[in-house]
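1. With the input below, show me the fold.
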Amino acid sequence: QVQLVESGGGLVQAGGSLRLSCAASGRTFSSYFMEWFRQVPGKEREFVAAISGSGVYTYYADSVKGRFTISRDNAKNTVYLQMNTLKPEDTAAYYCYSALFLNKTPSNFGSWGQGTQVTVSS
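-> All right, here's what the predicted structure looks like:
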């Protein structure tokens, strides 16, 4: 089982930027899709972005396209989410997820991190 640890959350003003990181354990990091989801209290966890094992293919939710960028460094077993032009509606707990296959709906087939809070003030 892959273990994931997120970092980089915090409080930022609308229009600002944050970069989230997710460090993964294990020796086969490059075999896994890496994804970011987010969740606000009372709502379902929603897909934000994903990246293939090689980093060639990326996928985004329509709500973040053009503002967020997912990337990975397989030498460091780390995936990143660069978030620009943040909006108050981006406020959520952000979770890192890894799996052998792309999942745009929350699944227990893969591994989840503990989450990091992002709060965007207006």
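2. Grab the most central residue of this structure for me.
-> For the chain, the residue whose C-alpha lies nearest the mean C-alpha position (Cα atoms, centre = their mean) is Trp36; its distance is 2.4 Å.
3. ok, and it, which helix or strand is that part of?
-> Take DSSP states H and E as the rule and Trp36 turns out to sit in strand 33-39.
4. immediately after that strand, which helix or strand?
-> In the C-terminal direction, the helix or strand that comes right after strand 33-39 (DSSP H and E) is strand 46-51.
5. per-residue confidence averaged over the strand holding Trp36?
-> Predicted confidence along strand 33-39 averages 98 (mean pLDDT).
6. Tell me the buried residues in it?
-> By neighbour count, with 16 or more other Cβ atoms under 10 Å as the criterion, the buried positions of strand 33-39 are 33-38. Yep, even glycine has a C-beta here, placed from its N, CA and C like the rest.
7. ditto for stretch 103-121
-> For stretch 103-121, burial by neighbour count (16+ other Cβ under 10 Å) applies to 103, 106, 110-113, 115-116, 118, 120.
8. Please identify which of those residues is nearest to Thr58.
-> The shortest gap between Thr58 and any of the buried residues of stretch 103-121 belongs to Asn103, at 14.8 Å (Cβ to Cβ).
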